[in-house]
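Student: Kindly return the folded structure for what I paste below:
(one chain, ligands or ions: 1)
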Amino acid sequence: MTGVRVTDLVKDYTIRNGLKRTRHRAVDHVSLELTPGRTVALVGESGSGKSTIAKILTRMERPTSGTVEVRLDDGTPVTDQARYRREVQMVFQDPFASLNPFHSIEHHIARPLRIHKRTTTAEETRERVREMLERVNLTPAAAIAGRRPHELSGGQRQRVAIARALAPGASVLVADEPVSMLDVSIRLGVLNLLGRLQREDDLAVLYITHDLATARHFSDEITVLYRGRIVERGPADAVILDPHHEYTKLLAAAAPDPERVGAVRDAAPVDRDAIDSGRCYDHFAGEWREAGVPSANAGSAA
Ligand SMILES: Nc1ncnc2c1ncn2[C@@H]1O[C@H](COP(=O)(O)OP(=O)(O)OP(=O)(O)O)[C@@H](O)[C@H]1O
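Tutor: Okay, here's the model as predicted:
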């Protein structure tokens, strides 16, 4: 199965303010690795660079520098653009904007099947669309296939978006805040669905979220991003239960404590200098590094 190695990624945006131009570094020397059957959570506040990394991974944006390598099981790098787009798929945050209101659900899933030549006849395509809808628990599939996005709930639309992403036979899934726009009561169902599909298809998943609690529950590893830099990484439990970086401590303090339902952990005093220290704690190596220095152990915790 396919894995992804992101090495020393930098993304600068140029911001125009009248005649003045300034450079803004959205992603600052980020390295990470995605391996089949594992979920890496990318956690950070709004503006920390999470979506920019997702867009670079799915080739919607070009990096300023650094590389993203996708390799097949036998080590062959995926260089062909069409193959890359088939292997690496994205589920977007907004299930209302990501589906075309003029097209049926059938069309949304049939299109990637045809583009990526997964099916040859119309009958086969129709059958595969039904199968995909059933896999994401949208039943009766035949009835759902004929509907348009506005006839479905937000949760159902996100299930369609997941089916669409997996239809081409993807092996890497980038899920950018996939449940944050959904009603709280249905978030768990969609995350559980993603977890099941990941196990069934041995997917490599990057789960982007600002929510530490779901990151812990649904991920093997957590990578914490602050102002475009990785400040902490490690096995999910280690990062949550034993945060080292001040920023991670701050996030953990703001997250609801599962031991005390409805309560929030006592906030620790904030040490701004420590947050901006430019250092990254790597639980895999058990040591501090300069933020941006790739970890030899990244993604390798088995
Ligand atoms: N096209 C762009 N032009 C200029 N600046 C941009 C552009 N896209 C993103 N940025 C800036 O880059 C930084 C990182 O943005 P990004 O969307 O990656 O963050 P994020 O962590 O995904 O935030 P959110 O959770 O709000 O989506 C932000 O400061 C943002 O304003």
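Student: mind checking how far Ile162 is from the ligand?
Tutor: Going from Ile162 to the ligand by CB to the nearest ligand atom, to the nearest Å gives 19 Å. C-beta coordinates here come from the backbone N, C-alpha and C atoms, glycine included.
Student: residues from the protein in reach of the ligand?
Tutor: Tyr13, Ile15, His24, Ala26, Gly44, Ser46, Gly47, Ser48, Gly49, Lys50, Ser51, Thr52 (CB under 6 Å from any ligand atom).
Student: Show me what the second one is bridged to.
Tutor: Per DSSP bridges, residues listed as beta-bridge partners of Ile15: Thr22.
Student: Break down the stretch 151-300 of the chain into its strands, ranges please.
Tutor: For the stretch 151-300 of the chain, the strands defined by DSSP state E, counting those that start in this stretch occupy 172-176, 204-209, 221-226, 229-235, 279-282, 287-290.
Student: can I get those strands in a markdown table with mean pLDDT and mean neighbour count?
Tutor: Converted to a markdown table, the strands of the stretch 151-300 of the chain look like this (pLDDT from 0 to 100; neighbours: other CB atoms under 10 Å):
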| stretch | mean pLDDT | mean neighbour count |
| --- | --- | --- |
| strand 172-176 | 96 | 25 |
| strand 204-209 | 96 | 26 |
| strand 221-226 | 96 | 26 |
| strand 229-235 | 96 | 25 |
| strand 279-282 | 93 | 22 |
| strand 287-290 | 89 | 13 |
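Student: In strands, which of the residues of the chain next to the ligand appear?
Tutor: Tyr13, Ile15, His24, Ala26 (DSSP state E).
Student: Would you mind listing the two of those that lie farthest apart?
Tutor: Spatial extent of these (CB to CB) is set by the pair Ile15 and Ala26 at 10.4 Å.
Student: Looking only at neighbour counts, state which of those two leads.
Tutor: Using other CB atoms under 10 Å as the criterion, Ile15 and Ala26 rank with Ala26 on top: 21 against 10.
Student: Would you agree that one is in contact with Tyr13?
Tutor: Yes - Ala26 lies in contact with Tyr13 (CB atoms under 8 Å); the separation is 5.7 Å.
Student: Can you lay out the ones in strands among the residues of the chain next to the ligand as TSV showing pLDDT?
Tutor: Listed next are those as TSV, based on pLDDT from 0 to 100:
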residue	pLDDT
Tyr13	95
Ile15	91
His24	94
Ala26	96
